[in-house]
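Colleague: sequence and predicted structure are below.
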Amino acid sequence: MKVKLCGIQKTNHLEAAAEAGADYIGLMFAESKRKISVERAEELAAVGPPHIKRVGVFVNPSQNEIDEAVQKANLDIIQLHGDESPEFCKNQKKPVMKAFSITSADDFERMKDYDVDYYLVDAPGTEYRGGSGKRFDWSLIPEDSLPGKLVLAGGLTPDNVYEAVQQVQPYAVDVSSGVEINGEKDINKMIAFIKEAKRSAAQ
């Protein structure tokens, strides 16, 4: 079971995530209260251990924005959380994690138009795309597997990630607000989330 901690902004949070066993960190380049500059992402990438994959999160970016972030922050994966077309996703030089807001079973049919490495399923956003802290109806996820790897997001916390992994059996789980207190990452919650996700997968 892989774990992605999204919206990392501080060095000590990155270090704690790495020590606790996180597999991916999300660096927010889209409009969000967790948004960071490319320069800050470059600084974080310089101190991050090599085993953690760096995921750049974008919403309807230009190709130049992606290329700059990939080069400077040494991104491993491009997460596209907007209205990007299948062609735009296919033309990226790095693996793509395409995010989809889930409101009905029809949303899973729409995914089949996309040939990407990871399919991130999330609850619809509120002020921003994603990151709402709400969960969607997991029973909507079809039993037949997607062409790529399923990443489950939306309302996950240390208290419910065990249940989520048991029920959905995704490739990875993704958390942001669920490990925060007053809008800032909490190291104890981060550690607890990773522990519960890994424990559930081992059962």
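Modeller: Cool, got the structure.
Colleague: show me the contact partners of stretch 166-182.
Modeller: Residues from elsewhere that reach stretch 166-182 (Cβ atoms under 8 Å, 6 or more residues apart in numbering): 1-7, 23-24, 26, 34, 118, 120, 122, 131-133, 138, 141, 149-153, 155-158, 161, 164-165, 185-186, 189-190, 192-193, 197, 200, 203. Any C-beta I mention is one placed from the backbone N, CA and C, and that applies to glycine too.
Colleague: quick one: buried residues of it?
Modeller: Of all the residues in stretch 166-182, those buried under the rule 16 or more other Cβ atoms under 10 Å are Pro170, Tyr171, Ala172, Val173, Asp174, Val175, Ser176, Ser177, Gly178, Val179, Glu180.
Colleague: tell me which of those fall in strands.
Modeller: Ala172, Val173, Asp174, Val175, Glu180 (DSSP state E).
Colleague: any chance of these in TSV, plus distance to Glu65 and pLDDT?
Modeller: Converted to TSV, those look like this (distance: Cβ to Cβ, whole Å; pLDDT from 0 to 100):
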residue	distance to Glu65	pLDDT
Ala172	25	96
Val173	27	97
Asp174	22	96
Val175	25	96
Glu180	26	95
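Colleague: export these to a markdown table and tack on distance to Lys90?
Modeller: Formatted as a markdown table, those follow (distance: Cβ to Cβ, whole Å):
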| residue | distance to Lys90 |
| --- | --- |
| Ala172 | 21 |
| Val173 | 26 |
| Asp174 | 22 |
| Val175 | 28 |
| Glu180 | 34 |
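Colleague: top helix in this protein by residue count?
Modeller: As assigned by DSSP state H, the longest helix anywhere in the chain is helix 187-202.
Colleague: from the chain's centre, how far out does that helix sit?
Modeller: In this view, helix 187-202 has its centroid 16 Å away from the chain centroid, taken as Cα atoms, centre = their mean, to the nearest Å.
Colleague: do the same with stretch 6-24
Modeller: 13 Å.
Colleague: quick one: residues contacting Leu75.
Modeller: By Cβ under 8 Å, 6+ apart, the residues touching Leu75 are Leu27, Ala45, Arg54, Val55, Gly56, Ala69, Lys94.
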